[in-house]
Structures are given as C-alpha cells and as structure tokens.
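K.L.:
Any chance you can model this:
(chains A and B)
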Amino acid sequence: KAGVTQTPRYLIKTRGQQVTLSCSPISGHRSVSWYQQTPGQGLQFLFEYFSETQRNKGNFPGRFSGRQFSNSRSEMNVSTLELGDSALYLCASSLSGQGISYNEQFFGPGTRLTVL
Amino acid sequence: SQQGEEDPQALSIQEGENATMNCSYKTSINNLQWYRQNSGRGLVHLILIRSNEREKHSGRLRVTLDTSKKSSSLLITASRAADTASYFCASSGSARQLTFGSGTQLTVLP
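P.N.:
Residues are numbered from 1 along each chain as shown, chains lettered A, B, ... in the order given. Coordinates of the predicted model:
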C-alpha cells in the first residue's frame, strides 16, 4: 500500500498570501488529521476529518481551515499568512472510525512552509 | 501549553547502550503512543500502550505506563546508529487528537 502523500513538499510564500496544502491518505483510511510542527511550539493538532466532516479542531485561529473530499483526500488552507505560520505541516491518516479511540496514526512526509 | 513534557531533551549514547526516555502527560488517556522522527521528516509510529496496560514490548522497544503518575517511559535496548532521531510521546484521550510531548533528541554514536 502506498503511504500518506503530501503535496507540495516545500512552499515559500509571502505575508498576506494564502496557501493550500494537500494530503492523500492511505487507501481505506477515512480519518485524516493535520498537525503543525514548529521549533517553539512543537507538534500541535490542527483538525481531524472523517467522512468529509470535521470531528475535532485544535486551538488555531480561523485563518486555518480544512476540508475532506469523498475519496478521503484532504486539504488545509491558511489565509492571510503570517511569519509565525512558517512550519512543517504534517498530515496523518488512520483507520479510526466512529467510536474507536484515536489509534495509530500514519504520517506523511510533511509540507515545509516558509513565510517571508 | 497542553503539551506533555519529555526528558531528557537530548540524549547521547554509544552504540550498543540502552536509551531511556521519559514522558509526562496532563490529562486522562485512552492510550499513549510513541513516535520517531528523523530530521524534520514525517513521524513513524513505534508502539501504542493502552491505559489498562502497564508494560508493552516490541522488538528492542519496551514501554511502561503509570497512569497514577501520568507518565510513560520508552526503553530502546542495544541501540544502533540508525536509532538516531527525535522521539515523541503522544497521549490520546477523550478528544480525538494526539497531544505530543516536547520530544527527546537521541544521538547514537558509532
């Protein structure tokens, strides 16, 4: 099975722009989660999607949004970029379904976003 | 911060030695997971221990969990240079998310 893929791998944007990152989960996985990793704040949960519905959201401003498509692929969008949004954005998929506790996550390689 | 803490922050050992990393978390959990990250890449799942388990083994890995102290430890035995990486614990509770610790940077010297 192919692993989780994320595109693009690297991205450079300027302040005020917006960006869309894409994630394709492992085939058969319906849960997709997004995490932000920075040297200062570490790994922080952004949101989780399951069957095209956002099930949980982390403590991030509304500039961070996401969605999931019927084929389980997910995108996250960050609008009005700030310097502090520079980070590694990681997507993870899992078999976690309704009522199943949050189990093993399979992570993609990440998208390295640099905001200038 | 909602993150847990890990110690040590950095650990340097010789090949063949054992490495022990400790993790503390803040809320009640369903399970606790350990992940490895090589140099800014994606995370790789190592092992999951459920809240009703006290110890679990997987190959050279041994994980313990003490829910009364809200702490866990990861032991890597007979370490290899290829074990050099950052190691993170991640707690999973009633909220559908992983709350990661601050990580331990392990360096295994050949």
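K.L.:
Only C-alpha atoms from now on, for both contacts and neighbour counts.
P.N.:
Will do.
K.L.:
I figured A:Asn77 hits A:Gly62, correct?
P.N.:
No. In this structure A:Asn77 lies outside contact range of A:Gly62 using C-alpha atoms under 8 Å: 10.2 Å.
K.L.:
what about those two, which has more around it?
P.N.:
Using other C-alpha atoms under 10 Å in any protein chain shown as the criterion, A:Asn77 and A:Gly62 rank with A:Asn77 on top: 14 against 8.
K.L.:
what's that one in contact with, if anything?
P.N.:
For A:Asn77, the contacting residues are A:18-21, A:63-66, by C-alpha atoms under 8 Å, 6 or more residues apart in numbering or on different chains.
K.L.:
can you tell me how far the residue of chain A found nearest chain B sits from B:Ser39?
P.N.:
Nearest residue of chain A to chain B, counting by C-alpha to the nearest C-alpha: A:Pro109, 4.2 Å away. Distance, A:Pro109 to B:Ser39, by C-alpha to C-alpha, to the nearest Å: 11 Å.
K.L.:
Likewise for B:Ile29?
P.N.:
According to C-alpha to C-alpha, B:Ile29 and B:Ser39 sit 28 Å apart.
K.L.:
Now do the contacts for B:Leu43.
P.N.:
A:106-109, B:35-37.
K.L.:
Looking at those residues, which one is closest to B:Ser72?
P.N.:
Checking these against B:Ser72 by C-alpha to C-alpha gives B:Tyr35 as the nearest, at 13.1 Å.
K.L.:
May I have the beta-bridge partners of the closest one?
P.N.:
Taking DSSP bridges, one obtains B:His45, B:Phe88 as the residues bridged to B:Tyr35.
K.L.:
Which positions in chain A make contact with chain B?
P.N.:
Neighbours of chain B within chain A, by C-alpha under 8 Å from any C-alpha of the partner chain: A:42-45, A:47-48, A:55-56, A:88, A:90, A:101-110.
K.L.:
mind listing what the residue nearest to the spatial centre of chain A touches?
P.N.:
In chain A, the residue lying closest to the centroid (C-alpha atoms, centre = their mean) is A:Trp34, at 2.9 Å. By C-alpha under 8 Å, 6+ apart, the residues touching A:Trp34 are A:45-48, A:89-92.
K.L.:
Considering those, which possesses the most neighbours?
P.N.:
A:Cys91 leads the contacts of A:Trp34 on contacts (other C-alpha under 10 Å) with 33 neighbours.
K.L.:
so that one touches A:Gly108, yeah?
P.N.:
Yes. Here A:Cys91 reaches A:Gly108: they are 5.6 Å apart, a contact under C-alpha under 8 Å.
K.L.:
got the contact list for the residue in chain B positioned nearest to chain A?
P.N.:
Of all residues in chain B, the one sitting closest to chain A is B:Gly42 (4.2 Å; C-alpha to the nearest C-alpha). Taking C-alpha under 8 Å, 6+ apart, we find B:Gly42 in contact with A:90, A:107-110.
K.L.:
before we move on, what about B:Ala10?
P.N.:
B:104-107.
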